[in-house]
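A.B. asks: A predicted structure for the sequence below; I have some questions about it.
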Amino acid sequence: MLTKELVVLNRSGIHARVSTMIAQRCRGFASEVRLRHGNAVADCRSVLDLLSLGASNGTTLLLEAVGEDAAEVIEAISALFAIRFNEDEESTAPPPK
């Protein structure tokens with residue numbers, strides 16, 4: 001299993017459009033992909049699971065991937081977080097370490 005900590009940098013957090021972007025990005029990969037927020041775990045292919053995390057701006061999430069293309073899917077999802085899901089506003093969260 002590969003893991004990576006991600007910080008939600010877009011001001012609106014993980015909402016429906018963002019959840020859809022994550023789920024769509026996972027479709028091209030065979031690995032199991034999950035996001036964790038505390039004890040809550042979301043399957044990254046499920047928009048409803050992702051919404052249930054209640055991740056707002058500044059939230060730190062743990063991305064987990066298991067499978068043959070785990071490194072690639074971690075990179076693909078990380079890239080979405082890095083570009084703030086193409087939302088143009090400035091983040092109120094501190095920059096990731």
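C.D. replies: Cool, the structure landed.

A.B. asks: Any regions of this protein where pLDDT drops low?
C.D. replies: 88-97 (pLDDT under 70).

A.B. asks: what do you get if the cut-off is 90, keeping everything else the same?
C.D. replies: Along the chain, the model assigns pLDDT under 90 to residues 86-97.

A.B. asks: How about the secondary structure of residue 25?
C.D. replies: Three-state call for residue 25 (DSSP: H, G, I helix; E, B strand; the rest coil): helix.

A.B. asks: wait, what's in contact with it?
C.D. replies: Each residue near residue 25 by C-beta atoms under 8 Å, 6 or more residues apart in numbering is listed here: 73, 76, 77, 80. Using the backbone N, CA and C atoms, a C-beta is placed for each residue, glycine as well.

A.B. asks: between those residues, which is nearest residue 15?
C.D. replies: Taking C-beta to C-beta as the measure, residue 80 is the one of those closest to residue 15, at 13.3 Å.

A.B. asks: can I get the CA coordinates of the longest helix seen in the chain in CSV?
C.D. replies: The longest helix of the chain (DSSP state H) is helix 70-82. Provided in CSV are the C-alpha atoms of helix 70-82 (Å, rounded to 0.1, in the frame of the first residue of the first chain):
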residue,chain,number,x,y,z
ALA,A,70,-0.8,2.6,-7.1
ALA,A,71,2.1,5.1,-7.6
GLU,A,72,0.5,6.4,-10.8
VAL,A,73,-3.0,6.9,-9.2
ILE,A,74,-1.4,8.6,-6.2
GLU,A,75,0.3,11.0,-8.5
ALA,A,76,-2.9,11.6,-10.6
ILE,A,77,-5.0,12.4,-7.5
SER,A,78,-2.3,14.5,-5.9
ALA,A,79,-2.1,16.6,-9.0
LEU,A,80,-5.8,17.5,-8.7
PHE,A,81,-5.2,18.6,-5.1
ALA,A,82,-2.1,20.6,-6.2
